[in-house]
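**Student:** Pasting a predicted model and its sequence here:
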Amino acid sequence: MQYRRPLVWFCFAGFFLLALSDTARTGWESQGNAWVNGAAMVLNRSIIYTLLAIPIVAGLISEPFVRDRVCGVEPTILTTPTRPFRLGLARFAAVFFTLVTIAVSLILGMVLGTLVGGIAEEVVGPFEWEFYAKASVFILIPNLFFIASLVVAVSGRSQSRSVAFGAAIALVAFWITIRMWLGRDVFRHDWFTACSLLDPFGTIASSEFLMDQTVAQSNTNFAPIRGLLLWNRLIWITVGIGLLLFGLNSIPVRPRISRQRRLAASRSTSLFPVSLRTPLVTLVYWELRSFWRQPSTRLVLGLMGFTLWWSAGSAVTHEFSLPSTDLLIHDTNYFFGQTLILVVAWVASELVWRDRRHRVHELVDVQPTGETTRFVAKLIVLFGVVATFWTLAIAVNMVYQIAHGYFKIEPGLYLVDTFIFKAPYYLWFAVLALSLQTVVRHRYIAIVLALLVTMSEFLFDALHWYHPMFRYGRVSHFWYSLMDGYGHFGTAHRWMLLYWTLGAIIVGWFGWANFTRGVNPPSRRTLTRSRLKNVGAGRVLAFASVAFIATGVFIWYQSTLLAPWPPRNEDALNAEVERRYGESWRDKPQPRVVAIRGVLDLYPAQRRFELSGEFTLENQFDGPIETLLLLVSPGVSLDDIAIAGGATRLAIDEKLAIETWKLRRPIEPGDSATMSFRTSVSPPDGFAVHAENDRLPEVAPVEVVGNGTSLLNLRIMPAVGYTDRVEHKPAWKRRKYGLTETWKPPAAEVAAEQGHGTIHLGWVRSFEMTIRTDAGQTALHGGRLVKAWTEPDGRNAFRYRFERPARGWSNVVSARFQERTFSREGLPNVEVYFDPQHESTVDRWGEELQDALEYFTETYGEPPFETFRLAEHSLHYEGMGSRGGLASCSEILSWKSDLEASGGEDIRRRAALMMGMTWWGDQVIPANTRGAKIIHSGLPFWSASLYLSQARTPLVDRSLRLQAMQEMFRSRGGMTDQESPFVAEFKDSTQIRTKGSIQILYLAHLLGRERLEQILAAFLERWRFQGPPYPTAVMFLDHLKAETPSQYHPQIKDLFEKVTLWRCGVSAAECVESEAGGFRLTANVEARKFYTSGWGEETEAEFLTPVTIAVYSDASLSPESCLWTEDRVLASGTNLIEVELEKRPAYFAIDPNHLLIDPNPFDNFRRVGG
Amino acid sequence: MLEATGLHKTYPGNVLALEDVSLSAENGLYGLLGPNGAGKSTLMRTLATLQLPDSGTVTLDEIDVLAEPREARRRIGYLPQELGVYPRTTAREMLEYLCGLRELSIGRSIRAYVEEQLERVGLKDVVDRRLDTFSGGMRQRFGIAAAFLGDPQLVIIDEPTAGLDPLQRRDFQLMLAESANECIVLLSTHIVEDLAGLCEHVTLIDGGRVVLSGAPDIIEQTLAGRVWELEIGFDRLSVVRDSLRVLSWRPSGRDLKVRLYSEEQPSLSKDTDGDLRPVEADLEDVYAFHVEAGT
């Protein structure tokens, strides 16, 4: 019977196409080497598909359990001798077979999706049927079974589809809640086991295995069914069986009769007063009240509230933030939206089909209320549902804020952000969902179609059709900035609101036109034609269509011709630069900028700037320089170039913004020449429409915003000479843009003369910048503030000058700031420029910056600035930077920190990093060769890590390190390029920063922290303001080895010259009382070491690593509870450790402080038995 | 006055539901009699504006029901064949809801009006009880209250007594008789008992066509002198049916009382011998005569 239902066939086709298109999309978008048919991908996709299948399963499974009642054959069926249990079981088996067929459709789609054209070869691995079989047996089918059982449990008893769908939505809400419990950006690892077991779909449990897998391992290793995943599967299959048995036993043995309590008089609620009682009001009130009375409505609302609460709780795990309004509303939309879509789709179907289901349609249909009134009433009810859910979200978030002692509640922001920016999408979706019901005339197919419209965005992403004009109901996407508000993004939003309002009117018109009453309605065509005969209705459709098209054309013109977004494909442009200029200019000597003077006019209100600048160019090479290559960042206009001695422009490449100039008088070796220029950026004439999934920043790095601008000066000034910064390094990216597959770093002799990252700059001996900005704003720049004044037109002006050699780089920040100065004797002042709304953390920032400043001064010598400034910038720009004594940090990073929850650790960490970055970055230029990232990114982070390890308490230090290690391994499977040993790393700083910050502590443990600091300080002293030739990673390692006993050189090799990981653990620990009255502890510790290469292939090596072994008297593993500790060089494999102790031990640990990079640091300690 | 002329309706699959059906009615109780599948419900739904005919016209007090359904609906009350109820809804709430939809301007408390309507159908004591706890009879009574809301000019009642016990059926008939004083009540049924003695006018419909129409006593007269009653044993029914036109039969102790149609006194054979006597034709005889003829 199932196979007679169009819905079933529709589901087969739908899920097949979903898996097919999703796999193809993943393949098209794939970066790196993660196979679309790899083990991890198949596993993850299977889980996601089961989540998407929840509402469908609810519809399919509930049908045979409510069918008898709905069709009125219940008495006939129940009077047969078949037991309801057996009947239910047979029906369940039949429908479950349908679900298995759906699973097969999914698998088929996934397999065939890998064969779609356009997928890069390296992301399709060999076909392994085993992955699909395991995914089906362990994930897909058990998950579908559990969902089906749950539906049987509720619909078998209630015989209500509403309750079945309510349970399905509740299940989604429950799953989201579990995910929230675990935390979003930071996992609460102590809850990991509980969350893994509570997650019905195995998402968290499977991540236990996946989280430390490399790309190569993720491709080939299917998560073994053991540990948490095994328990998870067993628990939920058992729960599923229990629910199924319960559901089957609950099937009524006789037609459902009203329970006694229902016979008691109910309290009627009267409708509105007569004067207000129009049919529209009556209908709306009636429907809303009916929904409110449904148990499933209350169930879903309750669970949504619960989920929202945990969503709010999870949001604040981001940076340990205070529960600020902007953060909560953002997070609400992220998780809440999916459930609301399901609710709207379901309620829309109920509104259309409920009267028929309850067999009151004829009684209602015969009433004189017009079709328009009835359709509009249903629409209003759906809008009411959306408004109710959003209001609930606001209410829960507000209560959360108050409950957590946060009283800066912003009701205005809640209302505006919710009902102007977030809710319209759901309102338009409501129009679509309702209209599909009336047009399609099949309840479940209409639901599926509505959901497919939302899921079509996956396909659009794959096709790179990001413009929201193509995506029903989507508007221009951006984040609300506390500093900049909705800034300049509002215009695009308003136009898109109009566009989709008109679109929804058209959709709604067809919904209305096909809305009819009675039985045997005329065909859609007849109905639509008859509606069109109504002059008013025809005009509405015509007007809406014309306006929709006109608005679309206008938006298209504005957002793709006048203000294209993305403004340009920088990756493609950079590839073009390499292709056209790399070969001929890569090794061509170009003068270095040694002096910079500029006047920068910022006009934040107009979102534009003009910079008049002058470079002093010096020939630091052996031969004369006759031609110059000038580049500017995409979007920057370069004009008025004047070079001392005269020059002629040879060529201008307008597309790439590159000019070549012929000098009338060559710059001789050692000589210099000045070059003046003017650059500017103005906002485009049109307005940019942003897409949600285009992975692009909201503003270009050279754009100015109304409040909170942060620009890197190097991006708004021209660069002289070719730079390898434009070159793509990852192989997949080079292939994508048609470049030679392997990127080659510059030759060693050339590289030693080039500064990494700033090839065109040498040490800048004179650097002065004057910045004028809007009245009320403060402009900041690196260097010393020489003068500040107000221009006659009221604009504020500031002049900054570097008093020592500089890298020539600095951030430029402008905003409406408050400022607070922190002074400590013997140290430069620390000035914090902050948005007035973020006052709560300013003192902590000042204190932590001073502490870090003091440490760095004591450890690494004189600071490279006269005053250290920290400024807050809008979230539209990248996170954080620190150059020339000016640090700039996004408003969402630590400024809203919950000091009580975080202990201020995040601020301390950022303060340390800011000091590390400016200390090393402003004083040492690394050579532009392999390993440059060690000096460029490693040393700033490593020195900060050394500081933090002594500034924190040991327990906090260890827990944060554990967390950092986890985060590092979680991202391992998603790496888009092969990992290199630090000494060879040129392309990516991520591992050097994260992993290196832990490894340096291991080295500090071996050598002693102070000794290591001395070694680093000596290196800094040696290279401070030196070069060229600039220092290389090899020089650093040579220096390190020279200052280190040779016994530690193998470890230095493991840390810097290999990609190494250790797998340590305690497999057994027993203790017995010894004859001497003490305690004899025997433990087995596992010790293995691996070198990884390529995409993460591991090769085992001899362990031979000194590692700490310790015994503790309690679970805190604090230094105070340490009974015994020793560093030992263990051999690979199982090592037997025997220790004599005076006190009874409680815990035995290997590497208790997590100083070795270990994918599973949680087995490093074990409770002592015996 | 209700005037339907030349109604024609064919369903997909070439299923003829109505063929040139015409009827007219003034205030009073009108019966529409016909077997299942005769087209009664199609006609009722068409008159109730729930369905459009392929051709034909319907007017109600000079309102074109097909062209101006909304105006017509203000004057029509309808009790469908299958009356469901919303869950978790009381009788009062449901009636208030329908009052709202009918835009009733009653100029007084809607609450009192609703209570009055429910009292008329004997549901005063359960106004605040949930409809899904009502018995079949209570539901039908509630349906009557709903159909008569706002004093409509035409009340259409489709198969009203299905599921009612004899007592409830009589109550129901009484209720209809009382309510039909100032409006047209169109009662559709296949149970002759429901109409007998109740309706002032009966229309017999079969195969989508009007077979007979008129006052019950007049249409009964069409068979006057041609209906006979024969008392025979159970085992002889089939023999009688083979030789005579049997209109109906019902058990009478150990025998059957069989009503026969015959232009003259039927001559009985040895096998069909029994106690034969002429009887007055009733509506059921007319119904059986025409329906059987149709089939």
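**Tutor:** Here it is on my side, so go on.
**Student:** okay, CA-based contacts and neighbour counts for the rest of this
**Tutor:** Fine.
**Student:** Show me where the chain dips below the pLDDT cut-off.
**Tutor:** Using chain A here. Scanning chain A for pLDDT under 70 picks out A:1-4, A:70-80, A:184-186, A:253-277, A:315-319, A:333-335.
**Student:** not what I meant, chain B
**Tutor:** Along chain B, the parts satisfying pLDDT under 70 run over B:105-108, B:162-163, B:270-274, B:292-295.
**Student:** Which residue ranges of it form helices?
**Tutor:** B:40-47, B:69-73, B:91-102, B:110-120, B:136-147, B:166-179, B:192-195, B:216-221, B:237-243, B:283-294 (DSSP state H).
**Student:** outside of the fifth one, which residues touch it?
**Tutor:** Helix B:136-147 is contacted by residues B:77-79, B:83, B:91, B:95, B:98, B:117-118, B:120-123, B:131, B:155-156, B:160-161, B:163-164, B:168, B:172 when judged by CA atoms under 8 Å, 6 or more residues apart in numbering or on different chains.
**Student:** now, which of those lie close to chain A?
**Tutor:** Applying CA under 8 Å from any CA of the partner chain, the subset of the contacts of helix B:136-147 adjacent to chain A comprises B:G77, B:Y78, B:L79, B:L83, B:L98.
**Student:** Of those residues, which is the most crowded?
**Tutor:** Neighbour counts for those peak at B:Y78, which has 30 neighbours (criterion: other CA atoms under 10 Å in any protein chain shown).
**Student:** these two touch, right, that one and B:D151?
**Tutor:** No - here B:Y78 does not reach B:D151: they are 11.7 Å apart, not a contact under CA atoms under 8 Å.
**Student:** hmm, which of the contacts of helix B:136-147 are the buried ones?
**Tutor:** With burial judged by 16 or more other CA atoms under 10 Å in any protein chain shown, the buried subset of the contacts of helix B:136-147 is B:77-79, B:83, B:91, B:95, B:98, B:117-118, B:120-123, B:131, B:155-156, B:160-161, B:164, B:168, B:172.
**Student:** Could you say which helix or strand holds the residue nearest to A:D1163 when sequence neighbours are not counted?
**Tutor:** Leaving aside its chain neighbours, A:D1163 sits nearest to A:G1065 (4.9 Å; criterion: CA to CA, 6 or more residues apart in numbering or on different chains). Using DSSP states H and E, A:G1065 maps to strand A:1060-1073.
**Student:** Equivalent analysis for A:L532, please.
**Tutor:** Element membership for A:L532 (DSSP H and E) is helix A:524-533.
**Student:** elements contacting that helix?
**Tutor:** Secondary-structure packing of helix A:524-533 (3 or more CA pairs under 8 Å, 6 or more residues apart in numbering or on different chains; DSSP states H and E): helix A:490-513, helix A:535-556.
**Student:** which residues touch the nearest residue to A:T26 once chain neighbours are set aside?
**Tutor:** Using CA to CA, 6+ apart and skipping the chain neighbours, the partner closest in space to A:T26 is A:V36 (6.7 Å). By CA under 8 Å, 6+ apart, the contact set of A:V36 is A:T23, A:T26, A:G27, A:V42, A:T114, A:V123, A:V124, A:G125.
**Student:** quick one, phi psi at A:V36?
**Tutor:** Note on A:V36: its backbone torsions stand at phi -70, psi -20 [degrees, to the nearest 10].
**Student:** returning to what we had before: can you give me the offset of the helix holding A:L532 from its chain's centre?
**Tutor:** Distance of helix A:524-533 from its chain centroid, counting by CA atoms, centre = their mean, to the nearest Å, is 48 Å.
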